[in-house]
Structures are given as C-alpha cells and as structure tokens.
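**Student:** sequence and predicted model, in that order:
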Amino acid sequence: MTHRDQSLHAPLLKALGEAALALCAEKSWVDVGLLSLCQEAGQSLSACAEAGITRLSVAEYLDQKLDRAMLEAVADIEAEAPSRDRLFDVIMARFDAMQDQRAAWVSILEADAQEPAASFARAARRLRTAAWALEAIGISTDSLKATARVMGLARRLRKIEALWLKDDADLSKTMAGLDQTLRESEDWLDRGEKLSEFFKSGSLRRTRSKAADAHSPEDPPA
C-alpha cells in the first residue's frame, strides 16, 4: 500500500490498528486474522478489500506510528548535543512508544519471529526506521555510501528490540544495550556528522575551486 493509499484510508487503518493493539494485548498476533480485526474495529471485510488493506497493511501502519513518535521527539532534543546522544534519545522515544502498549508489541514482535514473511517485512521496516533516525540527527542517507550506515543501524535496532522483549519496566537493559552499540559505532556517526557540516559550510565548493586553480594551465607568455 502506497503512502497516498494510506492517506486515503487513514480512518479505516486507524480503526484496524487500534483493534490490533487491543487484541494483541490478549493473544498472539499469529492468531489475529483480518476478520477478527474488522469485527473488533466495527468494520467490514468488504471495506478492506475495496481499500486494498491486508493484515500486513495494518502491521505496516502500526510500525509507521512508532516511527512518527520517534521523529516527533526531535523537537525536544538538544540540538548541540553529540550525535550519539541525539541518536540515543531519538531511538529511545520509539521504544517508549512501544512501552505504552507493551503487551501488544511483545505479541507482535514474538509473532513476527515465527513467520518468515513477517520477519523479512520487519527487517525491511528497520531499514526505514534507521534511515529516519539518522536523518533526524542531521546525517544524510541519500548517498550510496550512507547505505552501509543505514544497514548497520538497522541491524543494531533489531538486536535492541530483542533486548526490549526481555526488559523490565524501567527499560534499563534496553538503554544500556542501545548506549553500548551506539558507542561501538560512534566513529561512523562522527564521520557522518562532520561530512554533513562540511557540505553545509560550503567547504566542498572552496576545495574544488582551489583544486581547479592548482591544475589550471599557466598563462601563456606575452
């Protein structure tokens, strides 16, 4: 389902998403079908069919809600803080949002691990989450070189999700694990931040100009 389709069918997706969280708080996501979602939400299967909404569409909608919660936290983060600290705060905002519906998200994450297709879809979503998290702290992800950075963070996020599943209410294990993995990857965060500042400052243009002057032919003799 495209972003345009999601926008068109936002009320239906919202109702189904709320139904999913309510049902998953009581049983496994594996046992929640589209029919039961419709019944819980007071919607019809025909409306889902017309909108092209599937069970995976609902999972995608819920996951994007977590990403939005993560990005909304940017306004409360100190802009001058080191990139690692800002990334930590941004990502923890996502886990805080999950914690608000902990029973449901435990059900969903554990169910995803049992279904190969769902597990693959979640891995793809983590790439999106990683890209948004890096963009949120000013590290561009548009270049080919940035792909490895996104993939590395996505892999770390999946490991931290596994920690979150076993964590207590204070999220101490999640925070400690996230802090450790970000410290281990601090070098590439710093490189990304410095590169971003380099481009913003116009240093690249000045460097190119100096290089062009250095390689230009000398004026011919009079």
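**Tutor:** Structure received.

**Student:** which parts of this structure are helices?
**Tutor:** 3-8, 10-24, 34-41, 45-51, 55-72, 83-100, 102-114, 116-136, 146-165, 172-184, 186-201, 203-215 (DSSP state H).

**Student:** lowest-confidence stretch among the ones you listed?
**Tutor:** The stretch with the lowest mean pLDDT among the helices of the chain is helix 203-215, at a mean of 48.

**Student:** could the helices of the chain be laid out in TSV, adding mean neighbour count?
**Tutor:** Where C-beta positions appear, they are placed from N, C-alpha and C, glycine not excepted. Converted to TSV, those look like this (neighbours: other C-beta atoms under 10 Å):
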stretch	mean neighbour count
helix 3-8	12
helix 10-24	19
helix 34-41	18
helix 45-51	14
helix 55-72	18
helix 83-100	19
helix 102-114	18
helix 116-136	17
helix 146-165	17
helix 172-184	16
helix 186-201	14
helix 203-215	10
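
**Student:** centre-most residue in this protein?
**Tutor:** residue 129 (1.3 Å; C-alpha atoms, centre = their mean).

**Student:** quick one: that residue and residue 69 touch, right?
**Tutor:** No - at 11.1 Å, residue 129 and residue 69 do not qualify as touching, with contact defined as C-beta atoms under 8 Å.

**Student:** find the residues that touch each one of the two.
**Tutor:** By C-beta atoms under 8 Å, 6 or more residues apart in numbering, residue 129 and residue 69 have these common neighbours: residue 94.
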